[in-house]
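Sequence first, then the predicted structure:
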Amino acid sequence: MTPNKRLKTLGWYLVLAGLGYLFMFPLLFMIVSSFKPESAIFSDLYSLRAILPVGELTLDNYRGVFEKSRIERYFLNSLLITGGTVVMGLFVNSLLAFSLSRLTWGGQKLILSAVIALMIIPLEAVVVPMLLMVSKLPSLGWEEGMLVLKGSWMNTLHVQMLPFVANAFFIFLFYQFFRDIPKDFDEAAKLDGASPFQIYRHIIVPMSGPVFATVAILHFMVMWNQYLWPIMAVQSEAVRPVMPGIQIFFGRETEWGEILAYASFITLPVLVVFMIFQKRFVRSLAGAGIKG
């Protein structure tokens with residue numbers, strides 16, 4: 001390697017390191033500061049000590065989080081809501097994408113156009129009609145050994161799950177990936193007597209690990225970070241997820257150390273999910289522009 005190429009490579013590494021530091025700084029600051037008393041958080045803010053575990057370190061902020069909030073309950077609710085929505089979403093969104101990309105039926109192009117159009121509509125534009133709808137839908141209850149309809153969907157776990165199972169963006173991601181798989185596999189399976197669902201289950205799904213991992217990560221992040229919808233549809237602490245729970249710490253006297261501890265604690269699952277699926281996620285991104 002010539003000296004010019006070495007300097008160029010070194011320059012790129014320095015640029016990438018600078019960008020990495022820029023993007024990692026808020027996360028490092030949040031985690032490190034969650035172990036510091038509030039006075040140290042502000043005194044270290046404008047120095048390198050802000051992202052270094054130095055000085056007086058304590059667990060008092062985390063103790064305050066567990067004493068002032070029902071974070072363990074919020075955490076369990078979020079795991080149930082997010083996990084259930086992601087599992088159902090992977091099945092529903094991939095199945096619809098399979099029908100759009102691998103089958104032929106009337107109105108197929110119209111439905112695909114509707115999916116693409118729905119991608120540009122933000123949640124804020126439809127959240128009020130959604131709220132009115134779920135407030136009128138009855139919930140299933142159990143009384144005297146019988147299933148009965150009572151109340152509404154408000155203040156339930158499923159009101160935070162079912163409206164977000166189907167997602168136009170994830171349907172389109174699956175559609176793009178499935179479309180590039182050669183249809184020779186389908187034809188060979190049909191000759192062996194396979195049904196469309198068997199082709200989906202035994203051929204398409206095993207070949208689509210990267211896109212399933214990508215959608216799982218993105219859907220997990222979307223659901224875990226839900227804030228607006230739970231604020232509107234849930235008032236009971238028993239079914240409240242983690243994101244709205246952070247409001248407890250914003251009062252007359254804001255405790256920034258406890259807020260950072262709470263934020264660090266609820267960020268952990270997102271990092272764990274990404275670490276589990278990162279190889280497939282990166283593989284999906286790397287192969288996004290490869291056709292055939």
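Cool, got the structure. Remember, predicted model here, so these are calculated numbers, not experimental data.

Would you mind pointing out the helix or strand the spatially most central residue of the chain falls in?
The structure's the chain has its C-alpha centroid closest to residue 221; by CA atoms, centre = their mean the separation is 1.8 Å. Using DSSP states H and E, residue 221 maps to helix 209-224.

quick one: average pLDDT of that helix?
Helix 209-224 shows a mean pLDDT of 90.

try stretch 58-67
When pLDDT is averaged along stretch 58-67, the result is 90.

low-confidence ranges in the stretch 1-150 of the chain?
1, 141-148 (pLDDT under 70).

residue boundaries of the helices in it?
Ranges of helices within the stretch 1-150 of the chain are 3-33, 38-43, 60-68, 71-102, 108-118, 123-136, based on DSSP state H, counting those that start in this stretch.

Out of those helices, which gets nearest to residue 237?
Closest approach to residue 237 among these (CB to CB): helix 71-102, 7.1 Å. C-beta here means a position set from N, CA and C on the backbone, and glycine is covered the same way.

Export the helices of the stretch 1-150 of the chain as JSON lines, with columns for mean neighbour count.
Listed next are these as JSON lines, based on neighbours: other CB atoms under 10 Å:
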{"stretch": "helix 3-33", "mean neighbour count": "12"}
{"stretch": "helix 38-43", "mean neighbour count": "15"}
{"stretch": "helix 60-68", "mean neighbour count": "16"}
{"stretch": "helix 71-102", "mean neighbour count": "19"}
{"stretch": "helix 108-118", "mean neighbour count": "13"}
{"stretch": "helix 123-136", "mean neighbour count": "12"}
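
Arrange these in TSV, one row each, with distance to residue 155 as further columns.
Formatted as TSV, the helices of the stretch 1-150 of the chain follow (distance: least, CB to CB, whole Å):
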stretch	distance to residue 155
helix 3-33	31
helix 38-43	35
helix 60-68	22
helix 71-102	12
helix 108-118	27
helix 123-136	10
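
between those, which gets nearest to residue 217?
The closest of those to residue 217 is helix 71-102. By CB to CB, the value is 9.2 Å.

so what does the closest one touch, helix or strand wise?
Helix 71-102 makes packing contacts with helix 108-118, helix 168-179, helix 196-199, helix 209-224, helix 242-245, helix 256-286 when contacts are defined by 3 or more CB pairs under 8 Å, 6 or more residues apart in numbering; DSSP states H and E.

Which positions in stretch 233-245 come out as buried?
233, 234, 239, 240, 241, 242, 243, 244, 245 (16 or more other CB atoms under 10 Å).

Now for the second one: which residues touch it?
Just to be clear, that refers to residue 234. By CB atoms under 8 Å, 6 or more residues apart in numbering, the residues touching residue 234 are 154, 155, 159, 160, 240, 241, 244.

sorry, back to before: okay, the helices and strands packed on helix 71-102 in a markdown table with distance to residue 38 next?
Formatted as a markdown table, those follow (distance: least, CB to CB, whole Å):
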| stretch | distance to residue 38 |
| --- | --- |
| helix 108-118 | 45 |
| helix 168-179 | 40 |
| helix 196-199 | 57 |
| helix 209-224 | 27 |
| helix 242-245 | 20 |
| helix 256-286 | 5 |
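
which of the ones you listed is buried the deepest?
helix 242-245 (a mean of 22; mean count of other CB atoms under 10 Å).
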